[in-house]
Each structure stands twice: as structure tokens, then as C-alpha cells.
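**Q** next one to model:
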Amino acid sequence: MKNLFGDTEEDTSSKNNKLKGYTGPIILCGLIGLYVFLTAYKKLKSFPKTSHLTDEQRSRIFKNF
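**A** Presented below is the predicted three-dimensional model:
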């Protein structure tokens, strides 16, 4: 008996088995990407706004880069 999407039950179960092998790496890559994004966001937010600094302070900060 065919499902609404045209797949048989055997095809559906074999697709699910193939996807089970990839769920761990997909979740791991997602977590690593989220960590990198949040770290970069935190660094950018902690950087002082240069419009509120004096010229001397601004030059000292940009010398370090």
C-alpha cells in the first residue's frame, strides 16, 4: 500500500535509518556554529563604542589590533 507521498513503508524506514546516522554530526555542527556566533557577538558587544572615546584612547585601542 502506498502512502500519500508515493513512498512505500519499506522506503520510508530505510530513509529513516539513513538519516539516523547523520543526526549526531548535524547537531554537533549546529552547536559549534551557535557557539562561534555567540562568542563573536559577545566580543562585538563588549567592544567600547569609539564615538564615546577621546582620540588618544581610540589610537591606543586600534594600536593593539
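
**Q** output the below-cut-off pLDDT ranges for this protein.
**A** In the predicted model of the chain, residues 1-17, 19, 48-50, 64-65 satisfy pLDDT under 70.

**Q** residue 39: which element?
**A** Applying DSSP states H and E as the criterion places residue 39 in helix 9-46.

**Q** following that helix, which helix or strand comes up?
**A** Defined by DSSP H and E, the subsequent element after helix 9-46 is helix 55-64.

**Q** which strands or helices does that following helix pack on?
**A** Helix 55-64 is packed against no helix or strand, with contacts defined by 3 or more C-beta pairs under 8 Å, 6 or more residues apart in numbering; DSSP states H and E. In this view, the C-beta of every residue, glycine as well, is placed from N, C-alpha and C.

**Q** export it as CSV, just CAs?
**A** The C-alpha coordinates for helix 55-64 follow below in CSV (Å, rounded to 0.1, in the frame of the first residue of the first chain):
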residue,chain,number,x,y,z
ASP,A,55,41.4,60.5,20.2
GLU,A,56,44.1,59.2,22.5
GLN,A,57,42.0,56.3,23.8
ARG,A,58,40.9,55.4,20.3
SER,A,59,44.5,55.3,19.0
ARG,A,60,45.6,53.1,21.9
ILE,A,61,42.8,50.6,21.2
PHE,A,62,43.5,50.4,17.5
LYS,A,63,47.3,50.1,18.0
ASN,A,64,46.6,46.7,19.7
